[in-house]
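Q: compute the structure for the input listed below.
(one chain, ligands or ions: 1)
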Amino acid sequence: MNVLFESKNGTGYLTINRPDKLNALNIDTINELKETFLKVEQDKTIKCVIVTGSGEKAFVAGADIEYMQKLTPNEALKFARLGQETLHLMEVSNKPYIACVNGYALGGGFEVALSCDIIFAQVNAKFGFPEVSLGILPGFGGTQNLSRLAGKLIAKELIFSAKMIDAAKAKELGIVNEIYQTREELLSAAKELAVQIQKNAPLAVGFAKRAIVDGFGLSKEDGLRYEASLFGVVFSSVDAKEGLSAFVEKRKPNYTGG
Ligand code: CAA
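A: Numbers count the residues shown, from 1 in each chain. Below you'll find the predicted structure:
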């Protein structure tokens, strides 16, 4: 199995698992990732997902170079589309995804992290897009997602130079939320955040994700209209009634996800 997945107390734990190849994304791994994301969507008990890599050295060291070496231009296009569509499943999901970057996050690995909603990094994390040094370019959304997250200047510098940056630099550039010393601290912080997210109304969290993710590409005016429309829709939910009543009645809300 190239992707391990288990769910416990409402949190899904997804581990990309090819440690001998630094968790590089070959076609089987991408297909297993896709299946896992689709399974997460079906499972109403899962409210939040933590994504990490197996082993001590890498989150994901990119798309599998040995596999790509044999691709024709048309196959490469299809490979990029499959990778993009797979990672996009995290962005279109209403469930928050938290990346725990435990080492190298290069090329396709950086792209996995950029498709998550929150990025936590271990102090040994290294981020970069080495693609142009291989004669290719990022193909799983990196050019689009890094420029949207960090701005075009930063994206151009990192992508054109193929240089790696450490966790501290990535945090300074707004690519990383928090840095942790050890893998245990990294995973436990992610778990704690997942628990905190799960205390809230799932529909409201999901709509807030839609407003931020989908609203980002819109003009400010359209984004505000979109936010207001979701604000209106959420008022028809059971959990909105529960949350507002609980505050007024000075008690803890009991959210059911409705
Ligand atoms: N694809 C295939 N195999 C990879 C790999 C990758 N992206 N990254 C590492 N591996 C393999 C190595 O070939 C090696 O396998 P063997 O033991 O069978 O030889 C094993 O993982 C361990 O790697 P190293 O011995 O190289 O480990 P290191 O500690 O010396 O170096 C590293 C670590 C700097 C990350 C180095 O492995 C490296 O540069 N990897 C490639 C990184 C890269 O260029 N990623 C971008 C890929 S392109 C892409 O992702 C396109 C896209 O956007 C879709």
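
Q: please enumerate the helices of the stretch 51-200 of the chain.
A: Using DSSP state H, counting those that start in this stretch, the helices assigned to the stretch 51-200 of the chain run over residues 65-69, 73-92, 108-115, 142-150, 152-161, 167-172, 183-198.

Q: check contacts around the residue nearest to residue 181 when sequence neighbours are not counted.
A: Distances taken as CB to CB, 6 or more residues apart in numbering place residue 123 nearest to residue 181, at 5.4 Å, with adjacent residues excluded. Every C-beta, even on glycine, is put in place using the N, C-alpha and C of the backbone. Residues in contact with residue 123 (CB atoms under 8 Å, 6 or more residues apart in numbering) are 167, 179, 180, 181.

Q: the ligand: which of those residues is nearest?
A: residue 167 (15.1 Å; CB to the nearest ligand atom).

Q: I'd guessed the closest one sits against residue 122; true?
A: Yes - with contact defined as CB atoms under 8 Å, residue 167 reaches residue 122; the gap is 7.1 Å.

Q: deepest of the helices of the stretch 51-200 of the chain, which one?
A: Mean neighbour count (mean count of other CB atoms under 10 Å) peaks for helix 108-115 among those, with a mean of 28.

Q: chain center to that helix: distance?
A: Using CA atoms, centre = their mean, to the nearest Å, the distance from the centre of helix 108-115 to the centre of the chain it belongs to is 7 Å.

Q: ok, residues contacting it?
A: Contacts of helix 108-115 (CB under 8 Å, 6+ apart): 16, 23-25, 51, 53, 58-63, 83, 87-88, 90-91, 97, 99, 101, 105, 119, 127-129, 138-142, 145-146, 149, 175.

Q: which residues of the stretch 51-200 of the chain lie near the ligand?
A: Contact residues, the stretch 51-200 of the chain versus the ligand (CB under 6 Å from any ligand atom): 61-66, 83, 104, 106-108, 111, 130-131, 134, 138-140, 142.

Q: out of the helices of the stretch 51-200 of the chain, the one nearest residue 255 is which?
A: helix 183-198 (9.1 Å; CB to CB).

Q: other SSEs contacting the closest one?
A: Other helices and strands packing on helix 183-198, by 3 or more CB pairs under 8 Å, 6 or more residues apart in numbering; DSSP states H and E, are strand 11-16, strand 48-53, strand 97-101, strand 118-122, strand 178-180.

Q: ok, and the most crowded of the contacts of residue 123?
A: residue 167 (23 neighbours; other CB atoms under 10 Å).

Q: report the separation between that residue and residue 81.
A: 31 Å (CB to CB, to the nearest Å).

Q: next one: residue 22
A: Counting by CB to CB, the gap from residue 22 to residue 81 is 24 Å.

Q: same deal with residue 57?
A: For residue 57, the distance to residue 81 - CB to CB - is 29 Å.

Q: tell me who's in contact with the closest residue to residue 106 other than its chain neighbours.
A: Using CB to CB, 6+ apart and skipping residues adjacent in sequence, the residue nearest residue 106 is residue 62, 4.6 Å away. By CB under 8 Å, 6+ apart, residue 62 lies in contact with 24, 25, 106, 107, 108, 109, 110, 130.

Q: just the pLDDT for residue 43.
A: Residue 43 carries a pLDDT value of 97.

Q: how many neighbours does it have?
A: If we define neighbours as other CB under 10 Å, then residue 43 has 13 of them.

Q: per-residue pLDDT of the residue nearest the centre of the chain, please?
A: In the chain, the residue lying closest to the centroid (CA atoms, centre = their mean) is residue 116, at 1.2 Å. As predicted, residue 116 sits at a pLDDT of 98.
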